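A.B. asks: Could you look at this predicted model? Sequence included:
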Amino acid sequence: MGSWVCVDANIVIGLVTAREAARSLSALWAGWIEDSRPVAAPRLLLYEVTNALHRLRQAGELTSGEAERALSAVLALEMDYREGAVLHLRALELAAELHLPAAYDAHYLALAEMLDADLFTADRRFANAVGARFPRVQLVTGA
């Protein structure tokens, strides 16, 4: 088994909705599978993805059917979802240390840290804010 990969909700949303980015994200994902790199995320990802799809539907960017198909595609992805007290406690610490506006993103960092994983994100603001301290945060552009 290869080293862990941790993904945030932005990567998964791009994978199942973005027309142009989906192709490059699919290739990236396929590469992880080919290299036997397991993919993990905090269980929080499912809530964030569901909310994002709802908002895209409300904004008229997705139909109800497209949103449902996208969520089904997310649920079918081979991912190891993690949660637990240790993850939440570390996320709270990281959010304070890094002066993050919310603790959501810190959960992804905490999990990547726990698994000694690369963390892939499409959130430039987040990557810029934490990249100096966490060099394993990988910004995926175009997602």
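C.D. replies: Happy to help now that I have it.
A.B. asks: For the protein, which segments count as helices?
C.D. replies: Secondary structure of the chain, counting by DSSP state H: helices at 9-17, 19-34, 44-58, 64-76, 85-97, 104-115, 124-130.
A.B. asks: With just CA atoms, put the third one into CSV.
C.D. replies: Translated: helix 44-58. Provided in CSV are the C-alpha atoms of helix 44-58 (Å, rounded to 0.1, in the frame of the first residue of the first chain):
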residue,chain,number,x,y,z
LEU,A,44,-17.1,16.2,7.5
LEU,A,45,-16.5,16.0,3.8
LEU,A,46,-19.8,14.4,3.1
TYR,A,47,-21.7,17.2,4.9
GLU,A,48,-19.7,19.8,3.0
VAL,A,49,-20.2,18.2,-0.3
THR,A,50,-23.9,17.7,0.2
ASN,A,51,-24.2,21.4,1.2
ALA,A,52,-22.2,22.6,-1.8
LEU,A,53,-24.3,20.5,-4.2
HIS,A,54,-27.5,22.0,-2.6
ARG,A,55,-26.1,25.5,-3.1
LEU,A,56,-25.1,24.8,-6.7
ARG,A,57,-28.7,23.5,-7.3
GLN,A,58,-30.2,26.6,-5.6
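A.B. asks: How far away from the center of its chain is the worst-scoring helix or strand of the chain on mean pLDDT?
C.D. replies: Between all helices and strands in the chain, the lowest mean by mean pLDDT, DSSP states H and E belongs to helix 19-34, at a mean of 87. Taking Cα atoms, centre = their mean, to the nearest Å, one finds helix 19-34 lying 14 Å from the centre of the chain it belongs to.
A.B. asks: Beta-bridge partners for residue 40, please?
C.D. replies: Legend: beta-bridge partners of residue 40 under DSSP bridges are residue 6, residue 80.
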